[in-house]
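Trainee: Dropping the sequence and predicted coords here.
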Amino acid sequence: MTRQDQSWATAWSLEYRLPILISVLLACAVGGLSLAAYREVRATTIDRATDVLERVQHELVAGGARPNIARVQALRALANDDAIVRALASGATAAEVEKRFAASRESHDTTFVAFQLASTDGRRTYGTASGWSATDSAQLAATLAGAVRNESDQRSPFYAVGEQVHAWLAVPVVVKGRVVGTVAELARVGDNYGADAVIRALVDDDARMLFTSRGSAEWVSFRGRPVAAPFALPAVHDKAVRIDVPGRGGVYVVQSLIPTTPWLAVLSQSERSILAKPHDFLRRLLVAGLIVLAVATVGAWFLGRLVTRPLREVTEAASDLAQGDYTRRVDVHGGGREVGRLASMFNAMAAATGDAHAILAERNAELQRANAAKAQFLAMMSHELRTPLNAIGGFTELMELGLRGPVTPEQVEDLGRIRRNKDLLVAIITDILDFSRTDAGALTVEMEPVAVAPLLTDVVDSVRNQMAAKGVQLEVRPVPADAVVRGDRKKIAQVLLNLLSNAMKFTEPGGEVDILTVVDEGAVRIDVRDTGSGISTAQLETIFEPFVQVDASLTRRAGGTGLGLAIARQLTRAMGGTVTVRSQLGAGSTFSLTLPRAELLPVISPPEDRRTPREASQVV
Ligand code: ADP
């Protein structure tokens, strides 16, 4: 495992992922539930708040209407009063008129600050005018005119006079179906200190009751103070609606017309104050959620450690096992029954693997011993065989040369046959000796940079005459100058010679053999192509096995042991190269020897040292 793999595995191991996953899930759940609960509470709170606003407004307006109606009735009574009618018709005394007004004020309302009695022709005018301003007079004139014109009760809109807000109420005096004058009273609006506290108690500290009247820009507080218009009035009456007020946010407003008057009562409460409780609820919910989340995260982290520690121990043990430590066992505490079973299964598997490995190692050692013995036997045998054969060769030559006395031409021919068979036998024994050496692993290669061109020339020269004698045409394509391989010069020559001899052996006279050298990025490939008998697809792999010959009769004719390619393969493998073949039956074969390029591989240790036998056998 590389360091990068390890850091990845640590960063994303279950030990970390579990608490993160649980925390994320819990955070989503807490967040979602809090939001849903908040929305529910918010909607309910707004419903309740608007309901309270509407009910309080209804009560206040109904309560506020009663004194107004009573006031109108009192003023109507004055309009029908004999003294007032008389005063308008002929001339009751001012004192008498004032007495009537005073009596009316006392019995009904103390907020009426002035009165006025006027005939339609403007002649008779009685009035008390304490605190009666020019604005009051102007408003009075308009209200009186309205009452005469409409022949009905008339109220002026609110209007501010200094720190107070006033309004006129005028009732026509009708005698025999004709309006002869009016009675009017000036009322100070509001002035009701107790009601403010009642509203705050019923609704909220933030609730506010204001009055205004149709057609007037004046607004007045419950205490009778003129105030600036707080917002544009909504179109809806008697229902709480939300309006946006720049700088103040949302405000819930309910407005109602006070019966018998053009006056509007407007009760409002800011959304902020309505939502104060839901917001507080949400805050507390989130704090509780965060505490739960923190506790759960710590818990999940502990849980993750508890679950993953035994798994990690098993993983580390498996890694040790993979690296050859067959004595490694796991001793797991915690993690539950499943992990316990995993640990015991692992231990059983490690024990079985260890046993199997020990048996294999023992068998392997036995095999190596046997192989070495076989190689030694073969080497000894071939040496023992070669000695008498050399003697046979030597004496045959002596006889051939006539050094042992005269020989007939037939005898010379026979002696030649004896010598050729002896040479063949020596060649076979040499092959067997070579193979036994390579097979026993006793092969040593001396790696050095080897230029392909001169080597090829040497090898080709040694077979050129034989080729020509057989009538096989040989062509060597130009070798690239940078074709330099790393390998053992003699071994490369031996492999090439084997490939060339085979090409010649299995190509009939008139055929062709050509050699092509190709330089690749990291390797040099030498192709030996012939137009000979070719090899069937089924045989292509087996020809590299020792003692395999495709057509024994043909080979017998051509000579050979079936060891050439096996040896070539072993030698090439020892140099870090490959031998491959492409062939088609009847259409010739191409054997390719590929070796690493010299300049790209400055240091090459013998490949046998760094490759397992299994890897090497796959390469060839
Ligand atoms: P041998 O000593 O018999 O040539 P090798 O191992 O060199 O042994 O070759 C094994 C077999 O592969 C040969 O017997 C032959 O059947 C086949 N063979 C090898 N080279 C060629 C070739 N160039 N064309 C056809 N067959 C070949």
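Mentor: Nice, I can see it. Since the model is a prediction, treat every value here as computed from it, not as a measurement.
Trainee: Please give the three-state secondary structure assignment for Pro449.
Mentor: Three-state assignment for Pro449 (DSSP: H, G, I helix; E, B strand; the rest coil): strand.
Trainee: Which of the helices or strands spans the closest residue to the ligand within the stretch 351-500 of the chain?
Mentor: Nearest residue of the stretch 351-500 of the chain to the ligand (C-beta to the nearest ligand atom) works out as Asn498 at 5.9 Å. Every residue, glycine included, has its C-beta placed from N, CA and C. Under the criterion of DSSP states H and E, Asn498 resides in helix 489-505.
Trainee: I'd like to know which helix or strand in the chain has the lowest mean pLDDT.
Mentor: helix 613-619 (a mean of 30; mean pLDDT, DSSP states H and E).
Trainee: ok so, going back, report the buried residues of the helix holding Asn498.
Mentor: 489, 491-505 (16 or more other C-beta atoms under 10 Å).
Trainee: The residue of the stretch 351-500 of the chain closest to the ligand and Gly564 touch, don't they?
Mentor: Yes: using C-beta atoms under 8 Å, Asn498 makes contact with Gly564 at a distance of 4.5 Å.
Trainee: Tell me which residues touch Asp51, please.
Mentor: Ala240 (C-beta atoms under 8 Å, 6 or more residues apart in numbering).
Trainee: Which phi and psi values does it adopt?
Mentor: Main-chain torsions, Asp51, degrees, to the nearest 10: phi -60, psi -50.
Trainee: burial of Ser268, as a residue count?
Mentor: Neighbourhood size, Ser268 [other C-beta atoms under 10 Å]: 22.
Trainee: Skipping adjacent residues, who's closest to it in space?
Mentor: Leaving aside its sequence neighbours, Ser268 sits nearest to Val253 (C-beta to C-beta, 6 or more residues apart in numbering; 4.6 Å).
Trainee: Tell me the spacing between the one you found and the ligand.
Mentor: To the ligand, Val253 is 106 Å away according to C-beta to the nearest ligand atom, to the nearest Å.
Trainee: Which strand residues bridge that residue?
Mentor: Taking DSSP bridges as the rule, Val253 bridges to Val241, Ser268.
Trainee: Quick check: it touching Val245?
Mentor: No: contact criterion C-beta under 8 Å: Val253 and Val245 do not qualify, at 9.3 Å.
Trainee: which residues do these two both contact?
Mentor: Common contacts of Val253 and Val245, defined by C-beta under 8 Å, 6+ apart, comprise Phe231.
Trainee: of the two, who's got more company?
Mentor: Val253 (26 against 15).
Trainee: Need the per-residue pLDDT for the more buried one.
Mentor: What the model reports for Val253 is a pLDDT of 91.
Trainee: Tell me which residues touch it, please.
Mentor: With C-beta under 8 Å, 6+ apart, Val253 has these contacts: 231, 233-234, 240-243, 266-268.
Trainee: make it 10 Å
Mentor: Contact partners of Val253, counting by C-beta atoms under 10 Å, 6 or more residues apart in numbering, are 50, 53, 57, 208, 210, 230-234, 236, 239-243, 245, 266-269.
Trainee: Can you tell me which of those residues end up in helices?
Mentor: Judged by DSSP state H, the contacts of Val253 include 50, 53, 57 as members of helices.
Trainee: if I pick Phe395, what's in contact with it?
Mentor: Contacts of Phe395 (C-beta under 10 Å, 6+ apart): 403-404, 415, 418.
Trainee: hmm, back to that, out of the ones in helices among the contacts of Val253, which are buried?
Mentor: Counted by 16+ other C-beta under 10 Å, the ones in helices among the contacts of Val253 give 50, 53, 57 as buried.
Trainee: Name the SS class of Val180, please.
Mentor: When classified by three-state DSSP, Val180 comes out as strand.
Trainee: hang on, the earlier thing: so which of the buried residues of helix 489-505 comes closest to Thr327?
Mentor: Lys491 (41.8 Å; C-beta to C-beta).
Trainee: Outline the domain layout of the protein.
Mentor: 80-188, 445-601+611-616 (automatic domain parsing).
Trainee: Leu593: helix or strand, and which one exactly?
Mentor: Going by DSSP H and E, Leu593 is in strand 589-596.
Trainee: Note down every partner strand of that strand and its orientation.
Mentor: Partners of strand 589-596 in the sheet, by DSSP bridges, are strand 523-530 (antiparallel), strand 578-583 (antiparallel).
Trainee: relative orientation of it and helix 489-505 in degrees?
Mentor: 170 degrees (axes from the mean of the first three to the mean of the last three C-alpha atoms, to 10 degrees).
Trainee: Tell me the spacing between Ala43 and Asp136.
Mentor: 49 Å (C-beta to C-beta, to the nearest Å).
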